[in-house]
Structure formats: C-alpha cells, structure tokens
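> Need coordinates for the following:
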Amino acid sequence: MDDGRVQLTKFKRFLKGLVYKEEARYRRQYNIPDWYVLPAHARMTPAFEKKLNKYGLLYDDWAWPDKNTQGIDKTIKHAFDQLPLHIKEMRQRRVDRSSDLKWKHVEIPESMYNHQGRPFDPNLMYITPIISKMKMEQQINRDMVYKYE
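Purely as a prediction, here's the structure:
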C-alpha cells in the first residue's frame, strides 16, 4: 500500500476510536450496562441528546424505529410484540408529537428539556434490554450449533 492509503486508514481508525470513546463516556455517565446492544446509527453524543430533547423523544424511540420490523432480522418485531400496551401507546404519542413539531418547525423550549426524563437514562430504555437479551440468546444458540455439529 502506498503512503497515502496507510495514512487514510490510520485516520479512519482514529475517528472510529473517538466515536467509541465518547459513547463509552456516556455509557459510564448514565450507568448503561455494557451488554446493551446499541445501534450504530444512534451513537450517544451531546448533540444527539440535545436533538432528542428538542423533539421530546427518548433514546429507544429514535434508535429502534417501527420501519425495521419488516426486515430479515425479526428481533425488533418480536421485541415490539413483547412490550406492554401502555408503553407502546406512550411511544406512539411521543413519536407523533415529535413528527408534528418537526413539520411545524417548532421545538420544545429548553425549560422543558428532560421533562419526561433524560433521553439516555437506562431506566427509561424499554426496548433496548429486550433486544439485547434476544441478541445474546441468538449468539448462544449459534455458538451451541457450531460447537455440537
């Protein structure tokens, strides 16, 4: 490889390390367990927390969208099926309110930020623990199949 390509790969690794360091800092700050599976498109950053607060959303409202229930991986669909009805209703209300605010070009005032709790609070994560447990069970089953084939 030429020198330019080597420098580019080093730079990409450096940037990737910065993202993971910031997420690790947030995990420590909010006491989020290491075994929680967090999607790559919803990395925890201060700007992301502010964005969630502007529209009154929690982390799981953004991280696990409803449109992912029709994909190859049915984990999200099964996790949504396990949720109690009142949690589904509260989620739908938050998502409807945020889309309404976005279409009207209005944001929640800063005095109302964290009104329903901090977006990254692990006690308010309602679907991440379910999906994380399902992913761990899938990994265990896959390992068992490979081990005893």
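> Read off the pLDDT value for the nearest residue to residue 124 once chain neighbours are set aside.
Nearest in space to residue 124, with sequence neighbours left out and distances taken as Cβ to Cβ, 6 or more residues apart in numbering, is residue 117 at 4.8 Å. Where C-beta positions appear, they are placed from N, C-alpha and C, glycine not excepted. Per-residue confidence (pLDDT) for residue 117: 84.
> Now name the helix or strand holding residue 117.
In this structure, residue 117 is located outside every helix and strand according to DSSP states H and E.
> For residue 109, see how far away it is.
If you measure residue 117 against residue 109 using Cβ to Cβ, to the nearest Å, the figure is 17 Å.
> what's the answer for residue 35, then?
Note on residue 35: its distance to residue 109, by Cβ to Cβ, is 36 Å.
> and if you look at residue 50?
The value you get for residue 50 to residue 109, if Cβ to Cβ is used, is 13 Å.
> got it, and residue 52?
Counting by Cβ to Cβ, the gap between residue 52 and residue 109 amounts to 15 Å.
> Pick out whichever of those two has more residues nearby.
residue 52 (24 against 8; other Cβ atoms under 10 Å).
> Can you get me the start-to-end distance on stretch 48-64?
Start and end residues of stretch 48-64 are separated by 15 Å (Cα to Cα, to the nearest Å).
> ok, and what's touching it?
By Cβ atoms under 8 Å, 6 or more residues apart in numbering, the residues outside stretch 48-64 that reach it are 38-39, 41-42, 44, 76, 79, 91, 94-95, 97-98, 101-102, 107-108, 112-120, 124-128, 131.
> what's the spacing between that stretch and its chain's center?
Taking Cα atoms, centre = their mean, to the nearest Å, the mean C-alpha location of stretch 48-64 is offset from the chain mean by 9 Å.
> still on that earlier bit, for the residue nearest to residue 124, give me its contacts.
For residue 117, the contacting residues are 58, 123-124, taking Cβ under 8 Å, 6+ apart as the criterion.
> again, but for residue 32
If a contact means Cβ under 8 Å, 6+ apart, then residue 32 has 26, 38, 120, 122, 125 as its contacts.
> Now intersect the residues you listed with the helices, please.
Of these, the ones assigned to helices by DSSP state H are residue 26.
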